[in-house]
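In: Below is the sequence, then the predicted model.
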Amino acid sequence: MSHQYQAITWNRQKRVYDVALLAGVTLYLTLFIGVSAFLFPYATTKTLIIRAAGSAAFFLLHIILCIGPLCRLDSTFLPLLYNRRHLGVVTFLLGAIHSVAAIRQFHSLGDKDPLVSLLTSNQDFGSLPDFPFQQLGFVALMILFLMAATSHDFWLRNLTPPVWKTLHMLVYVAYAMLVAHVTLGLLQSETSPLLAAGTSFGLLTVITLHVAAARRESNMDSKKLGPVADGFVNACAVSGIPEKCATVVSVNGERVAIFKYDGKISAISNVCRHQNGPLGEGKIIDGCVTCPWHGYQYLPENGAFPPPFTEKVSTFQTRIVDGRVWIDPRPNPPGTWVEPSPIDTSEVMA
Amino acid sequence: MIQPHRKIHRRVFFVLALLLPALFLSGIVFRYSWPTANRGRNLIAHPQASGATP
């Protein structure tokens, strides 16, 4: 391994996040089991645990999937994104409790090994009402396990962000499996319209938010930039960039964050090396571009982490003509120093 | 660097946005109509034999 393991560094925000998360999950489980025991007095404790843990995991997965697009649409949701992986680990643990209890309840009293029984007892793949939905849940649990096990930054560095991100996109496969698991399992035997309405509401919410966020992103990518002169592209007006913030433009399919700070302009790649967060939505704090997702920092002049860190992003040549920023669309190698373009105030005002 | 990811992400989600509602609706539409307790009391469907008491 080329990277050493570093223990999680706890801070106040992480503690508050986790306490709120655990309190919410505990409250949900308590309420669910209490109300269910009252409404269904003949249900066994094991059945109540299976239902409570399963529904909590499914509900949490919806929250996880909504956080990403919500942050793309409105930055006030960004605090939820911070430590979203903790939600993922809790979702896996709840799913594991649900699975273990269900296997013990339904597959542990026969001659076969419980896991073999789970995977082989029903193979009626041709029928929707009789589809072996347990196997769908099992595959989803394996994906959630893989994601929970690699959620630490140790794995992010070892696998590299693109591979890690691709691996964690399997969450959509897990979600599809779980929607099928619920539809072909629970909703086949429990015909209450409330359950079907709740499931469809969750599904529609996730889809609507993702489609809305994708449309917004797509509009940004398809925005036409100004004319090209001397290899430089007319990107944006200096006056349109807020102080110590950035305007993001898409050049040749690559997003570039153009920062204005201390009377200067610098342009770097919009993609954070940590988890591909949008650097252009961050601010300049203590002279460094600070990623809005997890606070990773880069110097705007060379796109490098301040020492002793070594991560770097690409930089872009800039120039200012008649109050507009022009950038060279060819990225410099990550970490390349680029002299910031000084802003001529009289030119900008004109 | 990230652009291909974004495209894959959009394509994957576009497929899921079509597939999952279709799966959900199929699952609901084609589920069994389980017999309920009230059905046995439907006298038209299950006429009582002559001489039987209700």
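Out: It's in. Numbering: from 1, shown residues only, chains lettered A, B, ... in the order given.
In: Counting neighbours, which bits of stretch A:278-286 end up buried?
Out: Under the neighbour-count criterion of 16 or more other CB atoms under 10 Å in any protein chain shown, stretch A:278-286 has A:Pro278, A:Leu279, A:Gly280, A:Glu281, A:Gly282, A:Lys283, A:Ile284 buried. No exception for glycine: its C-beta is placed from N, CA and C like everyone else's.
In: contacts with chain B among the residues you listed, please.
Out: The subset of the buried residues of stretch A:278-286 lying close to chain B, counting by CB under 8 Å from any CB of the partner chain, is empty.
In: For those, name the two members farthest from one another.
Out: A:Pro278 and A:Ile284 (14.6 Å; CB to CB).
In: ok, now how distant is A:Val90 from A:Lys46?
Out: Taking CB to CB, to the nearest Å as the measure, A:Val90 falls 21 Å from A:Lys46.
In: Which one of the two is surrounded by more residues?
Out: A:Val90 (20 against 13; other CB atoms under 10 Å in any protein chain shown).
In: Enumerate every residue touching that one.
Out: A:Leu21, A:Leu22, A:Val25, A:Leu60 (CB atoms under 8 Å, 6 or more residues apart in numbering or on different chains).
In: Could you point out which of those residues is nearest to chain B?
Out: The shortest approach to chain B among the contacts of A:Val90 belongs to A:Leu60, at 18.0 Å (CB to the nearest CB).
In: Give me the neighbour count for the closest one.
Out: With other CB under 10 Å as criterion, A:Leu60 counts 21.
In: Now name the helix or strand holding it.
Out: For A:Leu60, the host element (DSSP states H and E) is helix A:45-73.
In: want to throw the buried residues of stretch A:278-286 into JSON lines with secondary structure?
Out: Converted to JSON lines, the buried residues of stretch A:278-286 look like this (DSSP: H, G, I helix; E, B strand; the rest coil):
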{"residue": "A:Pro278", "secondary structure": "strand"}
{"residue": "A:Leu279", "secondary structure": "helix"}
{"residue": "A:Gly280", "secondary structure": "helix"}
{"residue": "A:Glu281", "secondary structure": "helix"}
{"residue": "A:Gly282", "secondary structure": "coil"}
{"residue": "A:Lys283", "secondary structure": "strand"}
{"residue": "A:Ile284", "secondary structure": "strand"}
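In: Closest one of the residues you listed to chain B?
Out: A:Pro278 (9.5 Å).
In: what's the closest non-adjacent residue to the closest one?
Out: A:Asn270 (5.7 Å; CB to CB, 6 or more residues apart in numbering or on different chains).
In: is it true that that neighbour touches A:Leu279?
Out: Yes - with contact defined as CB atoms under 8 Å, A:Asn270 counts as touching A:Leu279 (5.3 Å).
In: Quickly list what's touching both of these two.
Out: A:Ala257.
In: can you pull the contacts of B:Arg31?
Out: Contacts for B:Arg31 (CB under 8 Å, 6+ apart) come out as A:Leu128, A:Pro129, A:Leu187, A:Gln188, A:Thr191.
In: element containing it?
Out: B:Arg31 belongs to no helix or strand, assigned by DSSP H and E.
In: Quick check: residues of the stretch 201-350 of chain A near chain B?
Out: So far as CB under 8 Å from any CB goes, the stretch 201-350 of chain A lies against chain B at A:203-204, A:207, A:210-211, A:214, A:217-218, A:221, A:253-255, A:269, A:271, A:276.
In: Nearest residue to the residue in chain B that chain A sits nearest to in space, please, no chain neighbours.
Out: Nearest to chain A in chain B, going by CB to the nearest CB, is B:Gly27, at a distance of 3.6 Å. Nearest non-adjacent residue to B:Gly27, counting by CB to CB, 6+ apart: A:Thr183, 3.6 Å away.
In: residues contacting that neighbour?
Out: Residues near A:Thr183 by CB under 8 Å, 6+ apart: A:Phe133, A:Thr199, B:Leu23, B:Phe24, B:Gly27, B:Ile28.
In: If we use 7 Å, what do you get?
Out: Shown in contact with A:Thr183 (CB atoms under 7 Å, 6 or more residues apart in numbering or on different chains): A:Thr199, B:Leu23, B:Phe24, B:Gly27.
In: Which one (most neighbours) among those residues?
Out: B:Gly27 (23 neighbours).
In: got the buried residues for the strand or helix carrying B:Gly27?
Out: Per DSSP H and E: B:Gly27 is located in helix B:3-29. Of the residues in helix B:3-29, B:His5, B:Arg6, B:His9, B:Arg10, B:Phe13, B:Leu16, B:Ala17, B:Leu20, B:Leu23, B:Phe24, B:Gly27, B:Ile28 count as buried by neighbour count, 16+ other CB under 10 Å.
In: Present these as CSV; the columns should include pLDDT.
Out: CSV is the format used below for the buried residues of helix B:3-29 (pLDDT from 0 to 100):
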residue, pLDDT
B:His5, 67
B:Arg6, 72
B:His9, 79
B:Arg10, 80
B:Phe13, 83
B:Leu16, 89
B:Ala17, 90
B:Leu20, 94
B:Leu23, 92
B:Phe24, 93
B:Gly27, 91
B:Ile28, 90
